[in-house]
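# Can you look at this prediction? I've put the sequence above it.
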Amino acid sequence: SRGLGDVYKRQVLDPAWANVVLDSKPSGAEVFVDNKSLGQTPIDLEVLRGRRVVQLRKTGYKKWQRTFKINAGKDVNLGEIALSKADGRLKMASTPTGATLTVNGEFRGRTPLEVALAPDKSHQVRLIKEGYKATERDVEVESDTLKTMTIDLAPELAVIHLMTSPEEAELLVNGEERGS
């Protein structure tokens, strides 16, 4: 039991968090702090001090992620974060397979393959294979979609003039008589 002469010590507790305010363009992105979903933008959060990973995710857009050092009691306003549209995907095949694929002059691999492309802009796609004519197409993909293309490569033919001796010699190509 405590009497009138007992002394009470008053303790003031400092918060172990900071207020974090953020929005996104477009709004409605899901907000994660250390992989825990905390709501959608625009949002005002209380985030515990320490190193924290903040992510924004929205369908059709690239994930945004940054690591912040949160100091207790020091509010942070991240402002409006512009989200980038998600890449589109191009699934490219060729007949015959094994053609070299370049996109805007940059080697991307051999067919068949799937590549990511920035959305809503034209990309120059070129297929090259020995013995076939190089083929170019302008391709545009939409954000967060898959576009499939198959290109038939045309053989690169040549005319060959042969002079035989004796003149009556028989000419066979792949076992078939050709010319005289």
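Nice, thanks for sending it over.
# CA only for contacts and neighbour counts going forward, please
OK.
# what element comes up after the least confident helix or strand in the chain by mean pLDDT heading to the C-terminus?
Confidence across the helices and strands of the chain bottoms out at strand 172-173, with a mean of 79, counting by mean pLDDT, DSSP states H and E. Next helix or strand after strand 172-173 toward the C-terminus (DSSP states H and E): strand 176-177.
# so what pLDDT did the residue nearest the centre of the chain get?
A centroid search over the chain (C-alpha atoms, centre = their mean) returns residue 87, at 4.6 Å, as the residue closest to the centre. Per-residue pLDDT puts residue 87 at 95.
# Apart from its neighbours in sequence, what residue is nearest residue 133?
residue 156 (5.3 Å; C-alpha to C-alpha, 6 or more residues apart in numbering).
# again, but for residue 45
residue 20 (5.1 Å).
# What pairs with the host helix or strand of that neighbour, parallel or antiparallel?
For residue 20, the element it lies in under DSSP H and E is strand 17-25. Using DSSP bridges, the strands paired with strand 17-25 are strand 43-48 (antiparallel), strand 76-82 (parallel).
# Export those as CSV, with columns for distance to residue 162 and mean pLDDT.
Shown next, in CSV, are those (distance: least, C-alpha to C-alpha, whole Å; pLDDT from 0 to 100):
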stretch, distance to residue 162, mean pLDDT
strand 43-48, 80, 95
strand 76-82, 67, 95
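# Pick the most buried one from those.
strand 43-48 (a mean of 17; mean count of other C-alpha atoms under 10 Å).
# Give me the next element, helix or strand, following that strand.
Heading C-terminal from strand 43-48 (DSSP H and E), you reach strand 50-57.
# tilt between that following strand and strand 17-25?
20 degrees (axes from the mean of the first three to the mean of the last three C-alpha atoms, to 10 degrees).
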